[in-house]
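Q: fold the following for me, if possible:
(one chain, ligands or ions: 3)
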Amino acid sequence: MPEPRDAAKQPHPLAGLLDRRKLPRHVAIIMDGNGRWAKARGLARIEGHKSGINAVKAAVEAAEEIGIPYLTLYAFSVENWKRPETEVRALFKLLEHYLDREKKKLEGGKIRFRTIGRTADLPPRVRSRLKDLSLKTGKVEGLTLTLALSYGGRSEIADAVKTMVEDARHGKLDREINEETVQKYLYAPDLPDADLLIRTSGEYRISNFLLWQVAYAELMILDTLWPDFTKDHFYEAILDYQRRERRYGGIVDQD
Ligand code: IPE
Ligand code: IPE
Ligand code: MG
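A: Ligands and ions are numbered 1, 2, ... in the order given. Just a heads-up that it's a prediction; the model follows:
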């Protein structure tokens, strides 16, 4: 008798509709709406953040299944430090537990994990876990999962300029400064331009995310609150992206 097939291994129902030749190289997500999700249920905001972790797992799994090379998730902005200390502390505790729980899976898997942002500002317990995981998965060839933590697009550009000027002062920068030079000084210089930027919770703004890298990204705003985000949303976003016409300032019939 044939073995019953593991439901988890079945391809996603939308997988067959994807055009493999037109996959985005880099998908970036602004994971927003955790607080509202909790409020709508009469729960504390942190409960929304907790539920948001399932959505993170769904997005990562979908990106892996589809074969997206780069997935970047906005988890904590430089501006989020303005929030009440209790929420900030609870958020980082949650991240710490998530990293501990997922450690084995992430280390043994096919994910290259790393962070972007002013991570020196993060609690030491979180920092050491992030560093450890980045080191252990640094050479993995698979999905590059970048977590943006204490991240700001303007801070990234300001930090790049600062280091560039220091290098120039020490005679380490003698070439002409162009876009390529700036790219080399970003937090993750190999991170390609974002092709698709998804934001949940119906807010039509960038909130200081990947300002340099989103120059020509296709934008997708979903009304769904982040904890309700599923693999279906991810697949549908890719399908929608594939129906778009990207022109980069050129014209359609240009040869
Ligand atoms: C996004 O959800 C998660 C973080 C910014 C850390 P929010 O906490 O911003 O939730 P809303 O936008 O208040 O609903
Ligand atoms: C953006 O969400 C930051 C993250 C998702 C980490 P926010 O909730 O902080 O953004 P605003 O304040 O609505 O612009
Ligand atoms: Mg928000």
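
Q: can you give me the helices for the stretch 51-200 of the chain?
A: For the stretch 51-200 of the chain, the helices defined by DSSP state H, counting those that start in this stretch cover 85-108, 124-137, 153-169, 179-184.

Q: quick check: angle from the first one to helix 124-137?
A: Angle between the axes of helix 85-108 and helix 124-137 is 20 degrees (criterion: axes from the mean of the first three to the mean of the last three C-alpha atoms, to 10 degrees).

Q: any idea of the mean pLDDT in helix 85-108?
A: The average pLDDT for helix 85-108 rounds to 94.

Q: chain center to it, what's the gap?
A: For helix 85-108, the gap between its own C-alpha mean and the chain's C-alpha mean amounts to 16 Å (C-alpha atoms, centre = their mean, to the nearest Å).

Q: that helix vs ligand 2: in contact?
A: No - in this structure, helix 85-108 remains apart from ligand 2 according to C-beta under 6 Å from any ligand atom; the gap is never smaller than 9.5 Å. From N, CA and C alone the C-beta is placed, and that goes for glycine too.

Q: re earlier: can I get the helices of the stretch 51-200 of the chain in TSV including mean neighbour count?
A: Written out in TSV, the entries for those read as follows (neighbours: other C-beta atoms under 10 Å):
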stretch	mean neighbour count
helix 85-108	15
helix 124-137	15
helix 153-169	14
helix 179-184	13
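
Q: dump the ones you listed to CSV, plus distance to His26.
A: Listed next are the helices of the stretch 51-200 of the chain as CSV, based on distance: least, C-beta to C-beta, whole Å:
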stretch, distance to His26
helix 85-108, 20
helix 124-137, 18
helix 153-169, 15
helix 179-184, 13
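
Q: show me where the protein has its strands.
A: With strands called from DSSP state E, the chain shows them at 26-30, 70-77, 111-116, 143-151, 196-199, 218-221.

Q: and those: which comes nearest ligand 1?
A: Closest of the strands of the chain to ligand 1 is strand 70-77, at 5.4 Å (criterion: C-beta to the nearest ligand atom).

Q: report all helices and strands that the closest one contacts.
A: Using 3 or more C-beta pairs under 8 Å, 6 or more residues apart in numbering; DSSP states H and E as the contact criterion, the secondary-structure elements in contact with strand 70-77 are strand 26-30, helix 45-66, strand 143-151.

Q: anything in the longest one near ligand 2?
A: What that stands for is helix 45-66. No - Helix 45-66 stays out of contact with ligand 2 when judged by C-beta under 6 Å from any ligand atom, the minimum separation being 9.5 Å.

Q: what's next to that helix, contact-wise?
A: Defining contact as C-beta atoms under 8 Å, 6 or more residues apart in numbering, one finds that helix 45-66 is touched by 11-12, 15, 18, 23, 27, 29, 31, 33-39, 41, 71, 73, 87, 90-91, 94, 98, 110-111, 142-143, 145, 225-231, 234-235, 238.

Q: got it, and the first one?
A: Surrounding strand 26-30, the residues in contact under the criterion C-beta under 8 Å, 6+ apart are 59, 63, 68-74, 191-200, 206-207, 209-210, 213-214, 217, 237-238.

Q: in its sheet, what does that strand sit against?
A: Using DSSP bridges, the strands paired with strand 26-30 are strand 70-77 (parallel), strand 196-199 (parallel).

Q: in a markdown table: the ones you listed, plus mean pLDDT and mean neighbour count.
A: Converted to a markdown table, the strands paired with strand 26-30 look like this (pLDDT from 0 to 100; neighbours: other C-beta atoms under 10 Å):
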| stretch | mean pLDDT | mean neighbour count |
| --- | --- | --- |
| strand 70-77 | 98 | 22 |
| strand 196-199 | 98 | 24 |
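
Q: so which of those gets nearest Ser128?
A: strand 70-77 (16.9 Å; C-beta to C-beta).
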